[in-house]
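In: no sequence on this one, just coordinates:
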Ligand SMILES: O=C(CO)[C@@H](O)[C@H](O)[C@H](O)[C@H](O)COP(=O)(O)O
């Protein structure tokens, strides 16, 4: 099993050799997420602009099938059929295993009201305050590592006992200072950093799927 998981990092580095410098931080981020999911926790993720899209993309990979089949467990399938044979059968066939993750970039009624009525920079922090529980994981994606709305959320996350992972560019940043683990992809321009973020988070999602749903 672990061999299959390591092959995803090897594969990533074969395709993007410059990401070799991130091998350890990716492995550490994987270990933290794996432990959190093993313990029934969840991931909260946010970022701005392209990184907001990345946040939603990550949630899409985790909350449903990515590359592997994720059938519901036998016990749940039985319970579904017992509750309602017709609807339960459909659910048992089509529901997919999920790794719980929430992007803090949506929720338009909440975000517009909070940003209009209060401090717009605190919109991610406010959601961390509401959703975050100790030992959950907060992932802040920021190419500069210095976007204040992401930093406020990271501080709020730490105060509530969440693990904080940063996904940034090469330069040291305030997010790196705050994070328990920071994956610093080796680029310094925003679009190039974003281009390396995608294969890194795909790799993390593949590793997690392999661990929780691989045969
Ligand atoms: O995606 C693009 C352009 O490619 C931009 O919108 C970019 O994401 C935005 O400028 C962000 O506000 C940059 O924030 P950050 O990555 O430094 O946290």
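Out: Received, thanks. Predicted model only: the values in this text are computed from it and were never measured.
In: what parts of this structure come near the ligand?
Out: Counting by Cβ under 6 Å from any ligand atom, the positions of the chain adjacent to the ligand are 48-51, 142-144, 147, 150, 190-191. C-beta: built from backbone N, CA, C; applies to glycine.
In: rerun that using 8 Å as the cut-off
Out: For the chain, the residues in contact with the ligand (Cβ under 8 Å from any ligand atom) are 47-53, 141-147, 150, 190-191, 193-194.
In: the closest residue to the ligand within the chain: neighbour count?
Out: At 2.3 Å from the ligand, residue 49 is the closest residue in the chain, using Cβ to the nearest ligand atom. Using other Cβ atoms under 10 Å, residue 49 has 14 neighbouring residues.
In: quick check: mean pLDDT of the biggest helix by length in the chain?
Out: The residue-count maximum for a helix in the chain (DSSP state H) belongs to helix 190-213. Averaged across helix 190-213, pLDDT comes to 97.
In: show residues contacting the worst-scoring helix or strand of the chain on mean pLDDT.
Out: Least confident element among the helices and strands of the chain, by mean pLDDT, DSSP states H and E: helix 2-15 (a mean of 90). Residues from elsewhere that reach helix 2-15 (Cβ atoms under 8 Å, 6 or more residues apart in numbering): 19-20, 23, 26-27, 30, 199-200, 203, 206-207, 210-211, 214.
In: neighbour-wise, which one of these leads?
Out: Among the contacts of helix 2-15, residue 207 has the most neighbours (other Cβ under 10 Å), with 26 neighbours.
In: right, and that residue touches residue 32 too?
Out: No: at 11.8 Å, residue 207 does not count as touching residue 32 under the criterion of Cβ atoms under 8 Å.
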